[in-house]
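[1] Any chance you can model this:
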Amino acid sequence: MNIKKKLDNIIFFIYMALLFLFTFSIAIRNLLIGLLFIFSVIRILVYREFNLKNTEFNFYILLFLSFTFLSFFVAEDINLSLDRFISPILRYLFFFYLSFIIINNKNKIEKHLNILIYGNLTFSALGILLKLINGSNYITGNGTGTVAAFNILIFTALLFNNEKNNYKKILYLFGVGSFIYILFQTSSRGAVLGFFASFLIFIGFIVYYNLKSAKIKYLITILLIVLVMITPYLLPDRLMNKFDNLKNISTNNSLKTRVVMWESSIHMIKNNPILGVGVGNFQPNYLDYIDNISNENLTAGSRKHDHPHNLFLFIAAEQGIPSLVLFLIMIFISIKISLFNVYIYPKFSFENLLGITSVSVLIVFIVHSMVDSTARYGHVGFYILFILVINYIIYEEMNKRSEN
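    Purely as a prediction, here's the structure:
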C-alpha cells in the first residue's frame, strides 16, 4: 500500500471516529478535528492535490470570510479575533468541505449516517445509564438540548422509512425515547421551543404532504391538538419553572443578563454596522457597555459572557450587518435544497425523509439561535453541517440526472 493510500485511510478512519464520537466531549471533538486537519494538510503538501468542492455556498462563504478578515482591522483585541476565526469558523469550513471529499457520492451516505446515529445512540445510552446509576449528569446543557432535538427528528424520520428492517426500527424507537428524555433533562428553554416549532413543521410535511388518507390526517390533527393542550402538564417541573421566570424577567439574573447583552449587541451594531466590533471581540465591548452605558447592576458571573445568547445579534455585532445577511442567505439556500429533496423524491423515500429532517433541524437551529449561540458548540455545528452535506449530495445527484 502506497503512502497516499495510507494517508487516505487514516483521514477516513479519523473522520468516521469523529462522526461517532463528536457528541461525547469537547476534548474528543477538538483532538479528532485537529488530527484531521494535520493529516489533510500533509496530504495536500505532499501530493499537491487540493480539491475544493464547487457548491452554491462558495460565493457567499467567500464573501463572509472577506468581511470576517476585514473585521480584524477594527478589532480591539486581535488575539480574540484569531481565536474566534480558528474556532469555530475555520473548524466548520474545514469539516464542511472535507465531508464532501469523503462522502463524494450518494451511495456512501447511508453508511456515514449510520455511524453518526449509532454514535449518538451510544452517547444517549451511556449518559442515561450513568445518570441513573450514580447521578452524574453528562446529558445537560443548551448544546446537548439542541442535539437531542436533532436526534428526535432524525430517528422519527427513519421510523417512517419502509426500507428499514424491524431490528433497526427498535433502535430508532429507543433513539426517539432516549433523546426526548435528554431534551427535557437539559432544561433548555430554547431547545424545547426549537423542538416544538420544528416538530410541527416535521409533522406538517409527514401528515399533510406525504400521507394521502384524509381520515388519518384528521385523526393526527386531533391528537396534535390534544398533545399541545396537555404538554405543559407533561413537562418536568424544573423546566416549567424556567418558563415561569419569563413572567418577571427583572428578578431573574439569567434573563435580565440576556436582555442587557441584547441591548449591548444592538448598541454595537448601531455604532459599527458594516464590520462590527471585530470578530471575537464581543466581550470587551460588552464590558464597556455595562460599565459605561448600562445602568444595570450585574453579577460577576454575568460579566463573563463572550456571546450575547443570540446568534444573529452575535454575528451582526462582531462582523457587521453584511455578514449577518450573508449568513441568512446561506440558511435560505440550505432550506431550499432540503425542500427540493422533499418535493422531488418519492414520498417516504429515504431522500424525502432526509429532506424533511434537514428542514426541521434548521428550524430547531433558527429558533434556538434567537436565545442562544449553540451553533458555536462543535456537536451542534458538526451535526447541522453533516446533515446539510448529505442533503446537498442527494440534491446534486438529482440535478445531474435532470441534465442528462
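[2] Okay, now the unreliable bits of the stretch 101-250 of the chain?
    Filtered on pLDDT under 70, the stretch 101-250 of the chain yields the residue ranges 164, 233-250.
[3] hey, where'd the helices end up in it?
    Remark: helices assigned in the stretch 101-250 of the chain by DSSP state H, counting those that start in this stretch are 109-134, 142-159, 166-185, 189-205, 214-234, 237-244.
[4] Pipe the ones you listed into CSV and attach distance to Ser99 and mean neighbour count per row.
    Bear in mind the C-beta positions are built from the backbone N, C-alpha and C, glycine included. Formatted as CSV, those follow (distance: least, C-beta to C-beta, whole Å; neighbours: other C-beta atoms under 10 Å):
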stretch, distance to Ser99, mean neighbour count
helix 109-134, 8, 16
helix 142-159, 16, 26
helix 166-185, 22, 17
helix 189-205, 23, 21
helix 214-234, 35, 11
helix 237-244, 34, 13
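[5] what's the closest of these to Arg401?
    In terms of C-beta to C-beta, the element of the helices of the stretch 101-250 of the chain nearest to Arg401 is helix 109-134, at 15.9 Å.
[6] burial count for Ile89?
    By other C-beta atoms under 10 Å, the residues close to Ile89 number 17.
[7] now do the one 5 residues further on
    The tally of other residues near Phe94 (other C-beta under 10 Å) stands at 15.
[8] in the helix or strand containing it, what's buried?
    Following DSSP states H and E, one finds Phe94 within helix 91-102. Neighbour counts using 16 or more other C-beta atoms under 10 Å place 91-92, 95-100, 102 of helix 91-102 among the buried residues.
[9] hmm, back to that, of all the helices of the stretch 101-250 of the chain, which one comes closest to Lys6?
    Distance to Lys6, taken as C-beta to C-beta, is lowest for helix 109-134 among the helices of the stretch 101-250 of the chain, at 20.9 Å.
[10] The closest one: how far from the chain's middle?
    17 Å (C-alpha atoms, centre = their mean, to the nearest Å).
[11] does Lys270 sit in a helix or strand, and which one?
    helix 253-271.
[12] For that helix, which outside residues touch it?
    Residues outside helix 253-271 that contact it (C-beta atoms under 8 Å, 6 or more residues apart in numbering) are 245-246, 249-250, 276-277, 282, 285-286, 289-290, 293-294, 296, 298-299, 302, 305, 308-310, 313-314, 316-318, 320-321, 371.
[13] Apply 7 Å and report the result again.
    Counting by C-beta atoms under 7 Å, 6 or more residues apart in numbering, helix 253-271 makes contact with 245-246, 249-250, 276-277, 285-286, 289-290, 293-294, 296, 298-299, 302, 305, 308-310, 313-314, 316-317, 321, all of which sit outside it.
[14] So which of the residues you listed belong to helices?
    Among these, the members falling in helices (DSSP state H) are 285-286, 289-290, 313-314, 316-317, 321.
[15] So which of these wins on neighbours?
    Ranked by neighbour count (other C-beta under 10 Å), the ones in helices among the contacts of helix 253-271 have Ala317 at the top, with 31 neighbours.
[16] In contact with it, which residues?
    Here Ala317 is in contact with 265, 268-269, 276-277, 282, 308 (C-beta under 7 Å, 6+ apart).
[17] Looking at those, which one is closest to Gly145?
    Pro308 (18.6 Å).
[18] burial measure for the closest residue to Ala197 other than its chain neighbours, as a count.
    Excluding its sequence neighbours, the residue lying closest to Ala197 (C-beta to C-beta, 6 or more residues apart in numbering) is Val367, at 4.8 Å. Neighbourhood size, Val367 [other C-beta under 10 Å]: 21.
[19] And Tyr377, by the same measure?
    20.
[20] distance of the residue nearest to it when sequence neighbours are not counted from Tyr383?
    In space, Tyr377 comes closest to Gly143 once its chain neighbours are excluded; the distance is 3.7 Å by C-beta to C-beta, 6+ apart. Noted for Gly143: a distance of 10 Å to Tyr383, by C-beta to C-beta, to the nearest Å.
[21] what does the average pLDDT come to for the helix holding Lys270?
    For helix 253-271, mean pLDDT is 90.
[22] now the angle between helix 189-205 and that helix, please.
    80 degrees (axes from the mean of the first three to the mean of the last three C-alpha atoms, to 10 degrees).
[23] what's near enough to touch the closest residue to Phe327 other than its chain neighbours?
    Spatially, and ignoring its direct neighbours in sequence, Phe327 is nearest to Ile315 (5.5 Å; C-beta to C-beta, 6+ apart). Contacts for Ile315 (C-beta under 7 Å, 6+ apart) come out as 323-324, 327.
[24] could you measure Ile315 against Arg303, distance?
    According to C-beta to C-beta, Ile315 and Arg303 sit 22 Å apart.
[25] ok so, going back, which elements pack onto the helix holding Phe94?
    helix 3-21, helix 26-47, helix 378-403 (3 or more C-beta pairs under 7 Å, 6 or more residues apart in numbering; DSSP states H and E).
[26] Many thanks, I have nothing further to ask.
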